[in-house]
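Undergrad: Below are the sequence and a predicted model for it; my questions follow.
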Amino acid sequence: MSLAHDLPPAKTIVPRHDWTRAQVKSLFELPFPELVFRAAQMHRQFFDPTEVQISTLLSIKTGGCPEDCAYCPQSAKFDTGVDAGKLIDVDTVLAEARAAKAGGATRFCMGAAWRSPKDRDLDKVCAMVEGVKALGMETCVTLGMLTGDQAQKLKDSGLDYYNHNLDTSPEFYGEIITTRCYQDRLDTLEHVRDAGINVCCGGIVGMGEGVDDRVGLIATLASLPVHPESVPINMLVQVEGTPLAGSLKLDPLDFVRTIAVARITMPASMVRLSAGREEMSEETQALCFLAGANSIFYGPKLLTTANPARDRDMALLDKLGMRPAE
Ligand code: SF4
């Protein structure tokens, strides 16, 4: 049953791009029920709250990455047991995309563990994008830093979304990654925007950051000239061998708060409940949906870490009276 007929007739709220940190912080400081209520109200202005967009993520080139992101098992700098692979072939990608479509996914995301793509690899990725598009799915890739020309090439192949996360606040960024800087991320986002590709950009929480860093992340995202169309909010998955293994775990309610503030400040964006669901209770996930999350990654693996099995996800949506968006 769709609740579309129960929604307000017009979108009376225009997304703002002038969020100050103080304003974002005051949202984080709201009493929890008030914050979630406001987020749920905002969600209904733009979306059917019973619908969840489903994306599937495939690693097309795993491990051996020269970057040193402290959360990532694919960095060559950490001993995590993830072997470096080569870029997989187009036919394998298309077979995975067909299976994802049959399982209900509408968007197929492909991730490569690179600092930035080489031009000859980019040609192969463009062929993947063309093939997945031809199956009638939306396409998203995450390949690291891009030049303007590379972004244009991806656009010409029909790419719908480019994922490039800001990860955390500008202040905390240097604690997590030293091989590139925040401005590098912003530059790639600008190239992607200029090429006319939709932006998928969010962050990771539970990395030992403080609430001010979660404020800084959301304020930065919400002040971009155009909000990312997709905002993935990830809960750190601690992987043995990475510097962040053994970090203090974030209270799940603080995760829900981050989702709620993302929903309020970027009301027209898809807010994706991304990594970390495998360890999240059904109750926490339900609270995230209530707080405005309306997208999930679906399928048993997220690049190299575990994700809930498809049946478990469908059973949860069913239990909550929710359904995959078409
Ligand atoms: S997050 Fe991406 S860029 Fe960073 S180490 Fe992992 S694969 Fe490389």
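TA: That came through fine.

Undergrad: Break down this structure into its strands, ranges please.
TA: 51-61, 107-112, 138-142, 161-163, 198-200, 203-205, 230-235, 270-273, 295-297, 301-302, 305-306, 323-324 (DSSP state E).

Undergrad: weakest of those strands by average pLDDT?
TA: If you rank the strands of the chain by mean pLDDT, strand 301-302 sits at the bottom with a mean of 58.

Undergrad: and the closest residue in space to Pro66 that isn't next to it in sequence, how many neighbours does it have?
TA: The shortest distance from Pro66 to any non-neighbouring residue, by CB to CB, 6 or more residues apart in numbering, is to Arg115 (5.3 Å). Using the backbone N, CA and C atoms, a C-beta is placed for each residue, glycine as well. Counted by other CB atoms under 10 Å, the residues lying close to Arg115 total 13.

Undergrad: So Arg115 is in contact with Gly144, correct?
TA: Yes: using CB atoms under 8 Å, Arg115 is in contact with Gly144, at 5.1 Å.

Undergrad: Check whether stretch 241-258 comes near the ligand.
TA: No: applying CB under 6 Å from any ligand atom, one finds stretch 241-258 separated from the ligand by no less than 9.4 Å.

Undergrad: Which positions in that stretch come out as buried?
TA: Within stretch 241-258, the residues that count as buried by 16 or more other CB atoms under 10 Å are Thr242, Pro243, Leu244, Ala245, Ser247, Leu250, Pro252, Phe255, Val256, Arg257, Thr258.

Undergrad: Quickly list what's touching both of Arg115 and Gly144.
TA: Taking CB atoms under 8 Å, 6 or more residues apart in numbering as the contact rule, the neighbours common to Arg115 and Gly144 are Glu67.

Undergrad: what's near enough to touch Met128?
TA: Contacts were defined as CB under 8 Å, 6+ apart; by that measure Met128 touches Ile60, Val90, Val93, Leu94, Met110, Val141.

Undergrad: Count the residues that sit near the spatially closest residue to the first one that is not a sequence neighbour.
TA: The shortest distance from Ile60 to any residue that is not its chain neighbour, by CB to CB, 6+ apart, is 4.7 Å, and that residue is Met110. The number of residues packed near Met110 is 25, by other CB under 10 Å.

Undergrad: Look up how far Thr62 lies from the residue nearest to Pro66.
TA: Arg115 sits at a distance of 15 Å from Thr62 (criterion: CB to CB, to the nearest Å).

Undergrad: Format the strands of the chain as a markdown table; extra columns: distance to Pro73.
TA: What follows is the strands of the chain, written out as a markdown table (distance: least, CB to CB, whole Å):
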| stretch | distance to Pro73 |
| --- | --- |
| strand 51-61 | 11 |
| strand 107-112 | 13 |
| strand 138-142 | 15 |
| strand 161-163 | 18 |
| strand 198-200 | 21 |
| strand 203-205 | 13 |
| strand 230-235 | 14 |
| strand 270-273 | 20 |
| strand 295-297 | 16 |
| strand 301-302 | 11 |
| strand 305-306 | 7 |
| strand 323-324 | 29 |
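
Undergrad: For the ones you listed, could you give me a markdown table that also reports distance to the ligand?
TA: A markdown table is the format used below for the strands of the chain (distance: least, CB to the nearest ligand atom, whole Å):
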| stretch | distance to the ligand |
| --- | --- |
| strand 51-61 | 9 |
| strand 107-112 | 8 |
| strand 138-142 | 8 |
| strand 161-163 | 10 |
| strand 198-200 | 14 |
| strand 203-205 | 9 |
| strand 230-235 | 11 |
| strand 270-273 | 16 |
| strand 295-297 | 15 |
| strand 301-302 | 12 |
| strand 305-306 | 11 |
| strand 323-324 | 27 |
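
Undergrad: what ranges do the helices span in the stretch 101-250 of the chain?
TA: 119-134, 148-156, 170-176, 182-194, 211-222 (DSSP state H, counting those that start in this stretch).

Undergrad: So what's the model's average confidence on the third one?
TA: Read it as helix 170-176. Averaged across helix 170-176, the pLDDT comes to 97.
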